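[1] I'll drop the sequence and a predicted model, then ask my questions.
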Amino acid sequence: MKTKIKYISLLLMLSIGIWITPQKSSAQVSVSFQVFYDDLSPYGTWVDYANYGYVWIPDVDPGFSPYSTNGYWVYTDEGWTWVSDYAWGWAPFHYGRWYIDAIYGPIWIPDYEWGPGWVTWRRSDDYYGWAPMGPDNGYAAPDNQWVFVENQNFGSTTINNYYVNSSNNITIINNSTVISNTWTDKASGVKYKAGPDKAEVEKHTGKTITSVAIIESTKPGQNLINDQLEIYKPQVQKNSTTGIKPAPAKLASLKDVKTKSEKAIVTPTQKVNQETKQAPIQTQQTVKPDKQTPTETQQTVKPKKQIPTQSKKSNTVKAVKQLKVNKSEKSK
């Protein structure tokens, strides 16, 4: 009996100990590729692309370039991390790779591993630069895909204002070296390029860089507030645990997707929409000339009105005088 009581007491103590001891929470939520297919569908088109399977073509302006348009770099506990201003930026800039199709432009290919930014880096005495990694091993980014800024401007939240003209890329590339600053994620073991050395950037910019903490969000999206980047970064598996093969709900044919040249053509409807959206700005810019025009017209009209008026009075006076002269001659 005593042995039984001791056994029960021991079980109770173990149960209490397990309940009291803090349990490690799961580092990442586990999802399948379906999260990409569903969340990105409203912002672009999914197509079945040769050699790469389902890929995503974003609905963006013709000048869009990955890791260049609508975003900037911040230093985090994961290295230099790309913060995108696009609502869908949590996925294509932190998972997968970008492929630049000659006809359709940038195409995103999903993958499993999360990273702060899947790019390669270069540096020189005057510049920092980066380019998207390709989907294949040994891929070398074309010269025009590199983005360079002067060292003192790197880390700016308005970095797009400081991009060096791409016509200088070849010269800069030939006078720069690759930044081999590789980091390894302790939890996942994923390796990636972390970018320029923090101390070196501080020296070039003359500013102290505060590291931003990455906080995992529970839903798709990202938000940078008070030195904290809240971003959705689940653990992604290609197949679903439900046994249903992930696939886009809406799949388009590549021939039905607009090409780069077609996107660059502004249709009358698009032009009207653009003018409507910009109307307040355009009105402010054109109002002043419109107001000045009537004033200038009045200044030039007055003399024209005065001239015939003066001429009419003068002719009338002459006519009256001539009439009096004629009458006086007749009376004689």
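    Cool, got the structure.
[2] so residue 231 sits against residue 94, correct?
    Yes - counting by C-beta atoms under 8 Å, residue 94 is a contact partner of residue 231 at 7.4 Å. Where C-beta positions appear, they are placed from N, C-alpha and C, glycine not excepted.
[3] what about residue 162, how many neighbours?
    Residue neighbour count, defined by other C-beta atoms under 10 Å, stands at 13 for residue 162.
[4] which ones are touching it?
    Residues in contact with residue 162 (C-beta atoms under 8 Å, 6 or more residues apart in numbering) are 149-150, 153, 156.
[5] and of the residues you listed, the nearest to residue 128?
    residue 149 (6.0 Å; C-beta to C-beta).
[6] same for the stretch of helix or strand that closest one belongs to, what does it pack against?
    Under the criterion of DSSP states H and E, residue 149 resides in strand 147-150. Under the contact criterion of 3 or more C-beta pairs under 8 Å, 6 or more residues apart in numbering; DSSP states H and E, strand 147-150 touches strand 127-132.
[7] and for the strand it packs on, what's in contact with it?
    Counting by C-beta under 8 Å, 6+ apart, 66-67, 97-98, 100, 117-123, 141, 145-151, 154, 164, 172-173, 176, 195-196, 201 sit against strand 127-132.
[8] so residue 262 sits in a helix?
    Yes - assigned with DSSP: H, G, I helix; E, B strand; the rest coil, residue 262 falls within a helix.
[9] now do it against residue 70, distance only.
    22 Å (C-beta to C-beta, to the nearest Å).
[10] where exactly do the helices run in the stretch 101-250 of the chain?
    169-174, 198-205 (DSSP state H, counting those that start in this stretch).
[11] now the last one: mean pLDDT?
    For helix 198-205, mean pLDDT rounds to 97.
[12] next, the angle from that helix to strand 127-132.
    Relative orientation of helix 198-205 versus strand 127-132 (axes from the mean of the first three to the mean of the last three C-alpha atoms, to 10 degrees): 130 degrees.
[13] residues contacting the residue lying closest to residue 49 once chain neighbours are set aside?
    Spatial nearest neighbour of residue 49, excluding adjacent residues (C-beta to C-beta, 6 or more residues apart in numbering): residue 55 at 4.3 Å. Residue 55 makes contact with 46-47, 49, 99, 107-110, according to C-beta under 8 Å, 6+ apart.
[14] so which of those comes closest to residue 189?
    Closest to residue 189, out of all of these and judged by C-beta to C-beta, is residue 110, at 19.8 Å.
[15] that closest one contacts residue 39, doesn't it?
    No - using C-beta under 8 Å, residue 110 is not in contact with residue 39; the gap is 11.2 Å.
[16] compare those two and say which is more crowded by neighbours.
    Of the pair residue 110 and residue 39, residue 110 is the one with more neighbours under other C-beta under 10 Å, namely 23 against 17.
[17] helix/strand/coil for residue 80?
    Residue 80, by the three-state scheme (three-state DSSP), is strand.
[18] contacts only, for the nearest residue to it once chain neighbours are set aside.
    In this structure, residue 80 finds its nearest non-sequential neighbour in residue 195, 3.4 Å apart by C-beta to C-beta, 6+ apart. By C-beta under 8 Å, 6+ apart, the contact list for residue 195 reads 73, 79-80, 116-117, 121, 130, 179, 181.
[19] over to residue 84?
    70-71, 90, 93, 222.
[20] residue ranges with poor pLDDT in this structure?
    1-29, 266-332 (pLDDT under 70).
[21] just how off-centre is stretch 238-258 within its chain?
    25 Å (C-alpha atoms, centre = their mean, to the nearest Å).
[22] can you give me the buried ones in that stretch?
    246, 248, 254, 257 (16 or more other C-beta atoms under 10 Å).
[23] identify the residues contacting that stretch?
    30, 32-34, 37-38, 41, 45-49, 54, 57, 104, 112.
[24] try it again at 10 Å.
    30-38, 40-41, 44-50, 53-57, 59, 62, 101, 103-105, 107, 110-112, 237, 263-265 (C-beta atoms under 10 Å, 6 or more residues apart in numbering).
[25] looking at the residues you listed, which are in helices?
    34-38, 40, 263-264 (DSSP state H).
[26] which residues does residue 60 contact?
    With C-beta under 10 Å, 6+ apart, residue 60 has these contacts: 43-44, 69-70, 86, 105-106, 263.
[27] and the residues you listed, which are buried?
    Applying 16+ other C-beta under 10 Å to the contacts of residue 60 flags 43-44, 69, 86, 105-106, 263 as buried.
[28] possible to save those residues as CSV with distance to residue 216?
    As requested, the buried ones among the contacts of residue 60 are arranged in CSV below (distance: C-beta to C-beta, whole Å):
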residue, distance to residue 216
43, 22
44, 25
69, 26
86, 19
105, 31
106, 27
263, 35
